[in-house]
Structures are given as structure tokens and as C-alpha cells.
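> Here is a sequence together with a model predicted from it:
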Amino acid sequence: MSGFHGLFVPGPTNMPFSVRQAMDIPLEDQRSPDFPAFTLPLFKDLKKAFKTEKGQVFLFPGSGTGGWEAAITNTLSPGDKVLIAVFGQFSHLWADLVTRHGLTAEAVQCEWGEGVPLDAYEQRLREDKAHEIKAVLVCHNETATGVTSDVGGVRKAMDAANHPALLMVDGVSSIASIDFRMDEWGVDVAVSGSQKGFMLPTGLAIVAVSPKALEAHKTAKCPRCFYDFADMIRTNKDGYFPYTPATTLMRGLRASLDMLLAEGLDNVFARHHRMAESVRKGVAAWGLTLCAKHPKWYSDTVSAVCVPKGFNSDDVVKAAYHRYRLSLGVGLSKVAVRVFRIGHLGHMNEIMILSALAGCEMALRDVGVPVEAGSGVAAAEEFFRATAPQLQLDRVA
């Protein structure tokens, strides 16, 4: 079929042509004498994406889940307690991973559609006089519900409680898309993946680690091998890896970082916010609501849209896919059949957003949801026009 398939799931995301071209190369010798000339600057520039000067970034073959495992096993020991808020499928899965490694996950259960409850975190940390809680976990952007939490606020809560726990952040669907400040917020471990804001195929777990976390690694007792920081530290310092790295993906990552840094990270964040606001304008024009309960929770990378009672959101996703070649995200777990998700992160611009909204409108109407044709697209258009750069037009006499 002609044209492109519309990919608007919250990951994997659309790949820029320059990134694809960067990976379309012969396989290379990862132990060659000149390989460090490529890897060492890559490590350095990756730190910029996390906004860290003090930390170290590791590249593991894997996905965000592998990054979670690296974070936990390298810094904690069996029996340790961690504090985590569960308010969506991915925060739930991270808590599950913690327990599978023999740790205790003290889970603060929240309504799906809300984010990390800062007051509850601070209160629990104040109560932990013996400092049994060794790590505080935060899902920065809960992809299942379209909710972004306040990581800086979590750091303030920890400082107010004078608690020494490590601060770990799942930034899989936020880093390189939503403002993230590792050093400023005192984040000790930040986990991301290649297939979201970095605009690559799935296959890299990108983990940034603070000096405090590296110190904790020295006494951590969780079994580990493939994800061991020590092996990476020993070889990365010279520009190499302890095992065969994903060199093709790393070449794409170099191109991705070049794009992000050329645009400027703050401009990247502003662009994502503008794209997300246009989607929110469109959803409101349809007369529908978001799963996120309050504007302070709204995500700039994914919007989970609630369908009216009596409708099945999976039907919307299927109609969009089969009739219009548009991929949307389904509802997961507690919000299954209740929401569909529009991913608006990575390689994304105005025209792409408008095409997604048009496809959503047609699919919604096809399954009987009473949406006025063109309403969401028109609302997004007007927002884009009002916020676009001003042009000086030559008038014809």
C-alpha cells in the first residue's frame, strides 16, 4: 500500500530518516582500536540528555524493563525495602520486579489517573526512623494512564524528611521528551529506553547512575551478571564493553543525540508540550475526557482518552488500525476497554498530530461515539495557528 502507516502508540515511536540511515551500515568490529573514538563522546553526550555532569551512563542491550532490573540489582540487597507508588500498569510492573528479586515493595496504591502522592511519600519517610526504606521509586511518566509525576517534588519530600534513601526514576517515556534534571533533582538512578524519546528501535536500556548509587553498588548483594555495573565500569572507561554491544543501535543513538542537541533540549521539551496541548484541545472538542484526573498530571508524551460508557475502546483502536492504517495504544489492565492512547512523542510535528486526530475522529464515529466530524482537528489547528511562529508575508498589489 502507498503512504506511511500512522504510528501513534506511546512507543515504539517514529524514526527520523537520518537515524535510520545512520544504522544502515555494515556491522563493525566492536574491539577495533578506533572504536573508543566513537563510544567515549557518545557516553559524554548521553549525560547531557539526562542533565547530569556527575553521573555515569550505561548502555545495556535490552529494554526499559532491563534498565529497571539493572537499577535494582546493582544497588540493593535481598530483604531491602523500597517505597513505590502504583498508579498504572508500568509502576505496577516495576513493583512486581522488585518483589521477584526478594525485596519488599511498600506500595502506595493510588487511583489510576493520578500521580505520585508527595504528602504520602513524605509522611511515610518521616515515619521510617530506622531508615529501613533503602530506595524511593518514581514512575516519572506512567504510560498506561498518561500521567506525569513531579520528580523534583519527590526529592523535596525526601529532603524534608531528611531521608537517605536512593531516588530511582523510571524515565522510559519521559527522558528526551519531558524536562528531566538528574543532578538538580538528586536522582540516583534514571532508567530510559531507546524506543521512545530517543527515536530508535527497541533494544537499548539506557541507565544513568549517580556517584551515590555507584557507592551503593559496592555493598549491594542482589545476584547479577549481565546487568552488572562493575563489568561496564571496567570496560567503558576505555570505550569498550564487557560483551558484544548493539553497535547498530548505538550508531542510530549518535544520530538521535545529534538531532536532540541541535534542537536544544529545552526546545524539545517545549515542542512536546505544544504537541500534547494540541491533542488535549482536540479531545476536549470531542467532548471526551482524559484518564489523567487533573491538569497537573497531564503527560506531554501520551494521552489516554476515555471513551463514553457503553463503548469499548478496543473497538476504536481496531477501527483505526484496519480502516485507516493508524496505530493507537490500547487500554491496559485496570483501564482496559476504557481508554485508548495517543502517543505524541519523539519525531513528531503539527501535521502528524493532525493526521492522528483525524484518524481518531473517523474511528470514533465508526464505532458510534457521538463526535462531530472535524471538531478535534479544528481545535488543534486553531491552537497550532495561534502558537506558531509569526511570518512576514509579502503582499501582492
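Nice, thanks for sending it over. Residues are numbered from 1 along each chain as shown.
> For stretch 389-397, give the mean pLDDT please.
pLDDT averaged over stretch 389-397 equals 74, rounded to a whole number.
> got the contact list for the nearest residue to residue 287 once chain neighbours are set aside?
By the measure of CB to CB, 6 or more residues apart in numbering, the closest residue to residue 287 outside its immediate chain neighbours is residue 371, 7.1 Å from it. Every residue, glycine included, has its C-beta placed from N, CA and C. For residue 371, the contacting residues are 286-288, 361, 364-365, by CB atoms under 8 Å, 6 or more residues apart in numbering.
> Show me just the buried residues among those.
Neighbour counting by 16 or more other CB atoms under 10 Å classes 286, 288, 361, 364-365 among those as buried.
> Tell me who's in contact with residue 144.
When contacts are taken as CB under 8 Å, 6+ apart, residue 144 is in contact with 88-90, 112, 304, 331-333, 335, 341.
> In TSV: those, plus secondary structure, pLDDT and neighbour count.
Listed next are the contacts of residue 144 as TSV, based on DSSP: H, G, I helix; E, B strand; the rest coil; pLDDT from 0 to 100; neighbours: other CB atoms under 10 Å:
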residue	secondary structure	pLDDT	neighbour count
88	coil	97	27
89	helix	97	20
90	helix	96	23
112	strand	98	25
304	strand	98	30
331	coil	98	25
332	coil	97	19
333	helix	96	13
335	helix	98	22
341	strand	98	26
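> neighbours around the closest residue to residue 341 other than its chain neighbours, how many?
The shortest distance from residue 341 to any residue other than its chain neighbours is 3.1 Å, reached at residue 329 (CB to CB, 6+ apart). Per other CB atoms under 10 Å, the neighbour tally for residue 329 reads 23.
> Residue 329: which element?
Residue 329 is part of strand 326-330 when elements are defined by DSSP states H and E.
> what lines up beside that strand in the sheet?
Partners of strand 326-330 in the sheet, by DSSP bridges, are strand 6-8 (parallel), strand 339-343 (antiparallel).
> show me where pLDDT drops low in the stretch 51-200 of the chain?
Applying pLDDT under 70 to the stretch 51-200 of the chain flags no residue at all.
> Output the contacts of residue 144 in a markdown table, with distance to residue 349 appended to each entry.
Putting the contacts of residue 144 into a markdown table (distance: CB to CB, whole Å) gives the following:
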| residue | distance to residue 349 |
| --- | --- |
| 88 | 28 |
| 89 | 29 |
| 90 | 27 |
| 112 | 30 |
| 304 | 22 |
| 331 | 27 |
| 332 | 27 |
| 333 | 32 |
| 335 | 28 |
| 341 | 19 |
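> between those residues, which is nearest residue 210?
residue 90 (22.4 Å; CB to CB).
> Please name the residues that touch the closest one.
When contacts are counted by CB under 8 Å, 6+ apart, residue 90 is found next to 139, 142-144, 170, 172.
> change it to 10 Å
The neighbourhood of residue 90, defined by CB atoms under 10 Å, 6 or more residues apart in numbering, consists of 64-65, 68, 139, 141-145, 170, 172-173, 332-333.
> can you check residue 345 too?
8, 10-11, 13-14, 141, 143, 173-174, 176-178, 196-197, 199, 272, 275-276, 299-302.
> So it, which state does it fall into?
Taken by DSSP: H, G, I helix; E, B strand; the rest coil, the conformation at residue 345 corresponds to coil.
> Among the contacts of residue 371, which ones are in helices?
With DSSP state H as the criterion, helices contain 286, 361, 364-365 from among the contacts of residue 371.
> Which pair of these spans the longest distance?
The largest separation in the ones in helices among the contacts of residue 371, counting by CB to CB, is between 286 and 365 at 10.0 Å.
> Spit out the residues that contact the two alike.
In the contact map built from CB under 10 Å, 6+ apart, the residues linked to both residue 286 and residue 365 are 371-372.
> Might one say that residue 22 is in contact with residue 199?
No. Judged on CB atoms under 10 Å, residue 22 makes no contact with residue 199 at a distance of 11.0 Å.
> joint contacts of those two?
Applying CB under 10 Å, 6+ apart, one finds that residue 22 and residue 199 are jointly contacted by 16, 252-253, 255-256.
> Which of the contacts of residue 345 fall within strands?
Of the contacts of residue 345, the ones assigned to strands by DSSP state E are 8, 141, 302.
> In whichever strand or helix holds residue 95, which residues are buried?
Under the criterion DSSP H and E, the helix or strand holding residue 95 is helix 89-100. The neighbour-count check on helix 89-100 (16+ other CB under 10 Å) flags 89-95, 97-98 as buried.
> Check stretch 36-46 too.
Across stretch 36-46, burial judged by 16+ other CB under 10 Å covers 36, 38-39, 42-43, 45-46.
> Also stretch 232-246?
Applying a neighbour-count criterion of 16+ other CB under 10 Å, one finds 232, 236, 239-241, 245-246 buried in stretch 232-246.
> Off-centre distance for the helix or strand that contains residue 84?
Residue 84 belongs to strand 81-86 when elements are defined using DSSP H and E. Strand 81-86 has its C-alpha centroid displaced from the chain centroid by 19 Å (CA atoms, centre = their mean, to the nearest Å).
> now the angle from that strand to helix 89-100?
Per axes from the mean of the first three to the mean of the last three CA atoms, to 10 degrees, the angle that strand 81-86 makes with helix 89-100 is 160 degrees.
> Okay, now the sheet partners of strand 81-86, with direction.
Here the strand partners of strand 81-86, with direction, are listed using DSSP bridges: strand 104-109 (parallel), strand 133-139 (parallel).
> Output the ones you listed in a markdown table; the columns should cover mean neighbour count and distance to residue 82.
Below are the strands paired with strand 81-86 laid out as a markdown table (neighbours: other CB atoms under 10 Å; distance: least, CB to CB, whole Å):
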| stretch | mean neighbour count | distance to residue 82 |
| --- | --- | --- |
| strand 104-109 | 16 | 6 |
| strand 133-139 | 25 | 4 |
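> Turn the ones you listed into a markdown table, columns for distance to residue 386.
Formatted as a markdown table, the strands paired with strand 81-86 follow (distance: least, CB to CB, whole Å):
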| stretch | distance to residue 386 |
| --- | --- |
| strand 104-109 | 40 |
| strand 133-139 | 33 |
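> Nearest to residue 218, out of these?
Go through the strands paired with strand 81-86 one by one with CB to CB and the one that ends up closest to residue 218 is strand 133-139, at 14.2 Å.
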